[in-house]
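# how would this look folded up:
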Amino acid sequence: MKKSTFHITKMDCPSEEQMIRMKLEPYNEVKQLSFDIPNRKLEVYHTEEVEKIHRAISELNLKDRLEATEEADMPLVADESHQRKILWWVLGINFVFFVVEMTTGWISRSMGLVADSLDMLADSIVYGLSLLAVGAAISRKKKVARISGYFQMGLALLGFSEVLRRFFSKSETPLFQWMIIISVLALIGNLISLWLINKAKSEEAHMQASAIFTSNDIIVNGGVILAGVLVYFLDSKWPDLAIGGIVFAFVMRGAVRILKLAN
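Below you'll find the predicted structure:
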């Protein structure tokens with residue numbers, strides 16, 4: 001058994017991890033993958049030479065570098081049942097707040113809340129792909145990724161168009177009370193999710209990646225709260241449109257990453 005260690009510069013979230021897993025799934029010589037997303041490191045346990053594996057990873061254009069190949073024993077696979085339960089809870093929290101923020105966002109005329117809801121949906125899609133596609137054929141995984149990516153991209157484009165419409169037309173100032181209250185609740189939900197993930201005390205890549213995603217969501221929640229405060233003090237729609245546009249850009253970026261899974 002051999003272990004090849006790669007440094008992958010652009011591997012910073014679960015989307016890249018899924019891309020690599022799908023890319024290497026057809027290779028029978030690959031026996032196990034170990035991801036360290038915070039440090040951008042991937043360990044591949046394999047039986048044959050590494051050149052073919054290296055070429056496959058390089059095709060993803062994630063700025064990879066092969067650091068070393070050595071003889072090694074394959075580590076034991078930990079029981080992930082507890083981790084899966086936690087991820088199901090995190091997925092559920094994200095999806096519930098997607099529905100809540102989308103609904104209240106349109107009622108309160110806040111593009112910040114609508115955009116934050118789509119950010120929650122993006123996370124739900126990634127977690128869903130990780131959990132629901134386990135053991136499925138690679139063609140099915142790619143089909144799920146393609147449908148999810150296009151759906152998310154469509155929602156992001158609709159959101160951008162609405163931001164532009166409100167920017168160039170006379171529209172009402174959003175209800176800052178709803179922006180602040182719902183964002184605070186979403187912040188609490190994300191803090192609970194982060195607590196659950198950290199409670200697992202896992203060094204597994206998907207758990208570390210989930211912690212990174214949730215931490216980013218907390219920052220977005222803070223941005224929407226700040227926008228709500230600025231709407232109140234400035235009596236203007238511009239802070240809400242600004243944060244909405246920024247978050248929609250992140251949602252679009254996530255959609256592009258998901259679509260790469262289907263290639």
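
# quick one, helices of the stretch 101-250 of the chain?
Residue ranges of the helices in the stretch 101-250 of the chain, as given by DSSP state H, counting those that start in this stretch, are 111-132, 138-168, 176-199, 205-234, 238-261.

# by contact count, what packs against the longest one?
The reference is to helix 138-168. helix 14-24, helix 111-132, helix 238-261 (3 or more CB pairs under 8 Å, 6 or more residues apart in numbering; DSSP states H and E). No exception for glycine: its C-beta is placed from N, CA and C like everyone else's.

# partners of the next helix or strand after the first one, with directions?
Scanning forward in sequence from helix 14-24 by DSSP states H and E, the next helix or strand is strand 30-36. Strand 30-36 pairs in its sheet with strand 41-46 (antiparallel), by DSSP bridges.

# only the C-alpha atoms, please, for the partner strand, written as CSV.
C-alpha atoms of strand 41-46 as CSV (Å, rounded to 0.1, in the frame of the first residue of the first chain):
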residue,chain,number,x,y,z
LYS,A,41,-3.9,18.6,2.2
LEU,A,42,-5.1,15.3,0.6
GLU,A,43,-3.7,11.9,1.4
VAL,A,44,-4.4,9.2,-1.2
TYR,A,45,-3.9,5.5,-0.2
HIS,A,46,-3.5,3.5,-3.4
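
# give me the residues contacting that strand.
1-8, 11, 20, 24, 27, 29-36, 50, 53, 57, 64, 72, 74-75 (CB atoms under 8 Å, 6 or more residues apart in numbering).

# let's go with 6 Å and repeat that
2-6, 8, 29-35, 53, 74 (CB atoms under 6 Å, 6 or more residues apart in numbering).

# from residue 216, how far out is the spatially closest residue to residue 45 that is not a sequence neighbour?
Excluding its sequence neighbours, the residue lying closest to residue 45 (CB to CB, 6 or more residues apart in numbering) is residue 32, at 4.2 Å. According to CB to CB, to the nearest Å, residue 32 stands 28 Å off from residue 216.

# what of residue 234?
On the measure of CB to CB, residue 234 and residue 216 end up 26 Å apart.

# which of those two has more neighbours?
Taking other CB atoms under 10 Å, residue 234 and residue 216 do not tie; residue 216 has more neighbours (15 against 12).

# look up how far residue 30 lies from the more buried one.
When residue 216 is compared with residue 30 (using CB to CB), they lie 30 Å apart.

# cool, residue 68 as well?
Distance from residue 68 to residue 30, by CB to CB: 17 Å.

# next: residue 74.
With CB to CB as the criterion, residue 74 and residue 30 are 11 Å apart.
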